[in-house]
Structures are given as structure tokens and as C-alpha cells.
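>>> Have a look; sequence and predicted model below, questions after that.
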Amino acid sequence: MIKLIAKNKKAFYNYFVLEKIETGIELFGTEVKSVRVGKINIKDAWCSFKNEEIFVNNIHISHYEKGNIFNCDPVRTRKLLVHKREILKLQGQSKQKGLSVVVLSIYIKNKWIKLEIALCKGKKLYDKRMVKAKKDSDMKIQRALKEMISK
């Protein structure tokens, strides 16, 4: 059973997604409760590497309303739980020019909170225009087919 908490639509607009990976995330108790309620923002989230570990930056998890002194900084850097060989592979690929690791979505799988991260290549302005034009033409074709079938 998978329950989607948040999706980063901006990532699909700004990047070409090359490879997706499912990861775990290290959270404190009140953060888990806030995520389960849906008080999370992953719009500008990205990943960094340090000492053969991967960390996620710019995820904003709001304070849990019923929490007390155990609430922590909403935008702190959090460690991701990934196999070492996947970390080394991602780190090597992200060092290439124009590639970065961004967060695509966060969801609950069974009882665990999971992140979907991806190795991405940034889109140029003309790429974004081309994708939008293709999407518009596909929609026009679908409408025309629908009209032909209904007649």
C-alpha cells in the first residue's frame, strides 16, 4: 500500500529525469508525525554527498502542532538511507557536467516513509518550450480522435 504525501512537479518541468531511486530518510519522531499529516514541502529539495553518504537539503517539514521540545529545525539537512554502491554510482554520475540529484516525491510504503530521488539533467529554455508544444499537440490529437469517435 502506497500513500503519496508530496510530489515535486517543478522537478519534472525543470529537469530531464534519467534514473529514479527509492530511498529511506532518517527522521525524528515529531517529523514523522508531521509528514504523515502532510506538512511537508519538497519543491526545492536537492541531494548532496559527503563522506560516501547522501544528504537531502531544503526539505521543509513543519513543526508538529502537538509536539513540544522535541520539535527540531524544519529545514535541517537529513541523511538518506541508500546502499553504498548506489551512493557511489550516483556520486560518480552527478559529477558529470549538468547532472544533479533532486527529490521527486515522498510517500508512505507500508509503514515506512520513502523518498524517490532521481538523477536529472537540467532543461534549457528551448527544451521546456519544445516539451510544452509537444504536450499541446498531443492534447489536440486526443481531442480530435475523441470527436471522431463520438460522431
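Cool, got the structure.
>>> Show me the residue at the heart of the chain, geometrically.
Central residue of the chain (CA atoms, centre = their mean): residue 104, 1.9 Å from the mean position.
>>> Report pLDDT for it.
Listed pLDDT for residue 104 reads 95.
>>> and the helix or strand it falls within, how far from the chain's centre?
Assigned by DSSP states H and E, residue 104 belongs to strand 99-109. In terms of CA atoms, centre = their mean, to the nearest Å, the centre of strand 99-109 is found 3 Å from the chain centre.
>>> now stretch 39-50
With CA atoms, centre = their mean, you get 7 Å for stretch 39-50.
>>> Okay, now it: how far is its last residue from its first?
Using CA to CA, to the nearest Å, the end-to-end distance of stretch 39-50 comes out at 28 Å.
>>> how about that stretch: buried residues?
Of all the residues in stretch 39-50, those buried under the rule 16 or more other CB atoms under 10 Å are 39-40, 42, 45-47, 49. From N, CA and C alone the C-beta is placed, and that goes for glycine too.
>>> all strands for the protein, in order.
Under the criterion DSSP state E, strands of the chain are mapped to 2-7, 15-25, 40-41, 46-50, 53-57, 60-61, 78-81, 99-109, 112-122.
>>> could I get those as JSON lines with distance to residue 67?
Conversion of the strands of the chain to JSON lines gives the following (distance: least, CB to CB, whole Å):
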{"stretch": "strand 2-7", "distance to residue 67": "18"}
{"stretch": "strand 15-25", "distance to residue 67": "18"}
{"stretch": "strand 40-41", "distance to residue 67": "15"}
{"stretch": "strand 46-50", "distance to residue 67": "26"}
{"stretch": "strand 53-57", "distance to residue 67": "21"}
{"stretch": "strand 60-61", "distance to residue 67": "11"}
{"stretch": "strand 78-81", "distance to residue 67": "17"}
{"stretch": "strand 99-109", "distance to residue 67": "19"}
{"stretch": "strand 112-122", "distance to residue 67": "17"}
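>>> Out of those strands, which gets nearest to residue 134?
strand 15-25 (13.4 Å; CB to CB).
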